[in-house]
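>>> with the input below, show me the fold.
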Amino acid sequence: MERLQPVSTKGLLFPVFILCLFLIFGFTSRVLADTAGPAYSGITPYEGAQLNSGKITISVTAKDIDRVIDTSVIMKVDGNQVSPIKEFGWLSEWEDDFTTLNIYYPASLTQGIHTIYIAAKDARGNFSEHTWSLTVAVPPQITSKTPLDGATVATLRPEISAVVKNMEQASVIMTLDGREANASYDATTGRVTYTPSADIENESVHTVNLSVSGQSGSNVKAQWSFKTNTYEEMVFNVADETCQSCHPRSEHQMDNCSACHGTNLSASRSVYPVDDCYKCHFQLNDYPVSYHSNGLPVYIPPQHPVQATDSCTECHNKTWQSNIPQYHTVIDTAERHLTTSAGCDQCHAQSLTREHYRHADNEGNRLNCSTCHSSVETRVQEAISSEESSCAACHELGESGGHPAHEGGLDASCKTCHSGSILSESQFHSQSGCQVCHSENVPEIVRYSIDTGNTSCFSCHSEGHSVNFVAKVPEDIPLYPGFDWTLPQDARIFAGEPWFDVQYDSTGAKIIISNRLSSVGDNDVAAWYRQELSQNGWTQSGEKINTTDNFSMTYTKNSRMVTVNFFSGENHEPEAPFIGHKLEILYK
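Numbers count the residues shown, from 1 in each chain. Below you'll find the model as predicted:
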C-alpha cells in the first residue's frame, strides 16, 4: 500500500489569514458604522436654571466628526420654532471647523417654566435631539413712578402712580406723607394710582411709600418724593449786577488761590481749572509749563502776577472739583427766600420771591429782585441786612396778625363780642381756618367777596341777631356831594330793564340810587367822576356822553367794575322831559 504523504500547508497560511481579516473587518464595519447624530454641549442656560431676567441668550454647541449640517438645525422655545444664529467653529484664521456648530438665540421669556428643544443632523444624515427646561423668576419690580422722584408739580392734587411688574395677586399699600392713601390697583396692567381728594400742601416736599406683597410671599417696596409749587417763579438775569446786589464784590477778595484752584496744579491735573487759568492769568492761548511744573504748595505764593476778574459767572458756572459753588438757579433762589411767618401759606407763597412776583407796582410792572434789594425804604434795607424774612419786617399787619385786607369793618359795639379781623373771628372763622372762605365749595357770595377784595362782614352776612345787615359802599367809589343816597341793594332787582347792564346780573352786584336835584349848578358831573375814579385807582373801560345831563361811564379795577349813570328824565333816555338830576351807581 502506498503511503500517503502529508499535505504541506505552509503555502496556504497567508491566503487564509488574508481571507479571515477580510471577513472580520468587512463584517464589523457594518456593525460599527457611525449612526449617531451630533452631540450637544455648552448648553446655556443650563438644565433647571433659575433666572431672574427673561431677556437671555440661549446657546448650545453641536459637534460631529462627520460635519454638522447647519441647515438641518431645528430650535424650539415652548414648542414654537425659532430662527437661531448659527456659526461654525474655526480651525485657523482662514479655515472653518465644520464639525463644530455654535447656535445662539436671543430670547425674551415671560415668568414661569420654559422648555428648549434642539435638533440637528450630520453629513451622514444621522439625527439627534435634546430637550431641557429652565425657569424665569423675575423678582417683583416697581417702575414708572409718577410724579418722578425729585420732580416739581404745579398742582396740589397730582395723580400718583406706579407700575408693579412680575407679581400676580398682589396686595398694595400706599402712603403719602405717612398717611395711608386709598390707592387703586389694576391687576391686569399692574398699575397703582392715587389722586388726593383734597389739596396737599403747597411749596412742600411730599414722600410716597409703596409696598406690594404677593401671595407667594414675594414683596417689593419703593419710596420717592416730589415737590409742589403752583406759584410762578420770579425770573432774573444771571449777571454780575444781579449777583452783587446780594454779594458785594468787596467781600470776595480772591486772594486765596488754593481755595479754588487746589494745591497741586499741573498741566496733567485736569480736575483743577488748569485748562483755562492761563487765559486769565497770562492772557496766553497755551499752558505755560514753566509755572506749577512741580505743583504749588499752599504756603508758597504764586510767582506770577494775578489778573483778577470782576465777573461772578466767570467762575461760578464751572464744574471743577474744587467745590466752587454754582450761581443760584431760579428755584434755588426761591427756596433761599422762605418767610419765617407762620399761618400765611393758605393764601400766600412761603417763598418771598414767588409771593412778590404775584404783585405789581403802581406802573403795572411785576415786582422783581431789585424791588427790595434796591429799595430806599429803611425798614426794607434793615430787613435785608439782618436777614429778617418775616412778613411784619416790611409790611404793616392788622389786628391779631392779620393784614389790613382782612379787617371786617365792625364798629366798637360789634367788637365787644366779635373780632375786628375775620382771621381771628371766634364765632365762625378761626375754628375752620382760611379754608372757611378759601375753598372750592364756598357760597357764591363768598367767592364774589374774595374776587372783589371786599372783607366787610356785611359783604357775606346779610342778617344776624334778628337784624338785617347793610353793606357799606366801598370807600374807593365816590358819591357826588349834595345828593342823598340809598343803602346798597342787590343790583339784580333791575335785571331785565332796558338800561340794565347784564354784567351786573350776578351774585354780589350792588346798586345805590340818589335822590333828584333840580340843579347841580354849572358843575360838570362827568368830569368830576373821571377825576375821582381815576384818583381812586380805577381805569375807564367805556363812556357814553349823550348830553351834559345824560351820560353813562364804566370803570374797572382788577376784577372789580363800577358804572355811573346820570340822567334827568323819568327814564334813562336823553329825550325824556327834565324832571330833575339823578345818579345810579352799579358796582361789583
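>>> for whichever helix or strand Y555 is part of, the distance to its chain's centre please.
Element membership for Y555 (DSSP states H and E) is strand 550-557. In this view, strand 550-557 has its centroid 45 Å away from the chain centroid, taken as Cα atoms, centre = their mean, to the nearest Å.
>>> what's the answer for stretch 69-82, then?
Distance, centroid of stretch 69-82 to centroid of chain: 49 Å (Cα atoms, centre = their mean).
>>> ok, residues contacting it?
The contact list for stretch 69-82, computed with Cβ atoms under 8 Å, 6 or more residues apart in numbering, reads 58, 62, 83-84, 86, 88, 101, 103, 105, 107, 109, 114-123, 127. Just so you know, the C-beta spots here come from the backbone N, C-alpha and C atoms, and that holds for glycine as well.
>>> one step back: other SSEs contacting the strand holding Y555?
Helices and strands touching strand 550-557, as assessed by 3 or more Cβ pairs under 8 Å, 6 or more residues apart in numbering; DSSP states H and E, comprise helix 525-535, strand 539-547, strand 560-567.
>>> show me the strands paired with the strand ranked longest in the chain, marking each as parallel or antiparallel.
In the chain, with assignment by DSSP state E, the single longest strand is strand 96-108. Sheet partners assigned to strand 96-108 using DSSP bridges are listed as strand 55-63 (antiparallel), strand 85-90 (antiparallel).
>>> and that strand, what's buried?
Buried residues in strand 96-108, defined by neighbour count with 16 or more other Cβ atoms under 10 Å: F98, T99, T100, L101, N102, I103, Y105, A107.
>>> next: stretch 109-118.
For stretch 109-118, using 16+ other Cβ under 10 Å, the buried residues are L109, H114, I116, Y117, I118.
>>> average pLDDT for it?
On average, the pLDDT along stretch 109-118 is 92.
>>> equivalent analysis for stretch 193-208, please.
94.
>>> now tell me what touches that stretch from outside.
Residues outside stretch 193-208 that contact it (Cβ under 8 Å, 6+ apart): 145, 156-161, 174-178, 181-184, 186, 223-231, 345, 349-351, 354.
>>> repeat that for 6 Å
Stretch 193-208 has contacts (Cβ atoms under 6 Å, 6 or more residues apart in numbering) with 156-157, 159-161, 174, 176-177, 181, 183-184, 224-230, 350.
>>> quick check: of the buried residues of stretch 109-118, which lies closest to S370?
L109 (63.4 Å; Cβ to Cβ).
>>> show me the contacts for the closest one.
G54, V136 are the contacts of L109 under Cβ under 6 Å, 6+ apart.
>>> if we go to 7 Å?
L109 makes contact with G54, I56, V136 under the criterion Cβ atoms under 7 Å, 6 or more residues apart in numbering.
>>> distance of it from A137?
L109 sits 11 Å away from A137, going by Cβ to Cβ, to the nearest Å.
>>> who does the closest residue to Q489 other than its chain neighbours form a beta bridge with?
Among residues not flanking Q489 along the chain, I511 sits closest, at 5.4 Å (Cβ to Cβ, 6 or more residues apart in numbering). Per DSSP bridges, the residues bridged to I511 are Q489, L586.
>>> quick revisit: so which of the contacts of stretch 193-208 belong to strands?
Reading strands off those with DSSP E, I get I160, S161, M174, L176, A181, S184, W224, S225, F226, K227, T228.
>>> of those residues, buried ones?
I160, S161, M174, L176, A181, W224, F226, K227, T228.
>>> nearest spatial neighbour of S449, chain-adjacent residues omitted?
Ranked by Cβ to Cβ, 6+ apart and with sequence neighbours excluded, the top spatial neighbour of S449 is S459, at 4.3 Å.
>>> could you check the pLDDT of the one you found?
78.
>>> centre of the chain to the helix or strand harbouring I74, how far?
Assigned by DSSP H and E, I74 belongs to strand 68-77. Its chain's C-alpha centre and that of strand 68-77 lie 53 Å apart, by Cα atoms, centre = their mean.
>>> what's the angle from it to strand 96-108?
Computed by axes from the mean of the first three to the mean of the last three Cα atoms, to 10 degrees, the angle separating strand 68-77 from strand 96-108 equals 10 degrees.
>>> could I get the buried residue list for strand 68-77?
V68, I69, S72, V73, M75, V77.
>>> quick one: which two of the residues you listed are the most distant?
Maximum distance among these (Cβ to Cβ): 21.4 Å, for I69 and V77.
>>> any idea which of the ones in strands among the contacts of stretch 193-208 is closest to D549?
Once Cβ to Cβ is applied, the member of the ones in strands among the contacts of stretch 193-208 that ends up nearest D549 is T228, at 57.6 Å.
>>> so who does the closest one touch?
V153, L156, I200, E201, N202, E203, S204, H206.
>>> check P139 too.
N52, N166, S218.
>>> same thing but at 6 Å, please
Per Cβ under 6 Å, 6+ apart, neighbours of P139: N52.
>>> heads up, I number from 39, so please use that
New numbering, starting at 39: the last item is P177.
>>> and it, which of the three is it?
coil (DSSP: H, G, I helix; E, B strand; the rest coil).
>>> circling back: send me the strand holding I112 as CSV with only the CA atoms.
Taking C-alpha atoms only, strand 106-115 is exported to CSV below (Å, rounded to 0.1, in the frame of the first residue of the first chain):
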residue,chain,number,x,y,z
VAL,A,106,-22.8,69.2,11.4
ILE,A,107,-25.3,70.3,8.7
ASP,A,108,-26.3,73.8,9.7
THR,A,109,-29.4,73.9,7.6
SER,A,110,-30.8,70.9,9.5
VAL,A,111,-30.9,72.7,12.8
ILE,A,112,-34.3,73.0,14.5
MET,A,113,-34.7,75.0,17.7
LYS,A,114,-38.0,75.5,19.5
VAL,A,115,-38.9,77.5,22.6
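>>> quick check: domain ranges of this protein?
Here the domain parsing of the chain from automatic domain parsing is 77-174, 179-266, 437-506, 527-625.
>>> what's the distance between the closest residue to A74 other than its chain neighbours and G75?
Distances taken as Cβ to Cβ, 6+ apart put N164 closest to A74, at 5.8 Å, once the chain neighbours are dropped. Distance of N164 to G75, computed by Cβ to Cβ: 4 Å.
>>> could you do Y625 as well?
Distance from Y625 to G75, counting by Cβ to Cβ: 100 Å.
>>> check F616 too.
In this view, F616 and G75 are 122 Å apart by Cβ to Cβ.
>>> which one of those two is surrounded by more residues?
Just comparing F616 and G75: by other Cβ atoms under 10 Å the higher neighbour count belongs to G75, 22 against 11.
>>> list phi and psi for that one.
Main-chain dihedrals, G75, degrees, to the nearest 10: phi -80, psi -180.
>>> repeat for R485
According to degrees, to the nearest 10, R485 has phi -60, psi -40.
>>> near it, how many other residues are there?
For R485, using other Cβ under 10 Å, the count is 17.
>>> now do P519
Neighbour number of P519 under other Cβ under 10 Å is 8.
>>> helix/strand/coil for it?
Per three-state DSSP, P519 ends up coil.
>>> got the contact list for V414?
Neighbours of V414 in contact, by Cβ under 6 Å, 6+ apart: none.
>>> which stretches of this structure form helices?
51-69, 278-282, 295-299, 315-319, 368-373, 390-395, 407-411, 416-423, 450-453, 467-470, 482-489, 495-498, 563-573 (DSSP state H).
>>> from P144, how far off is K93?
From K93 to P144 the distance is 8 Å (Cβ to Cβ).
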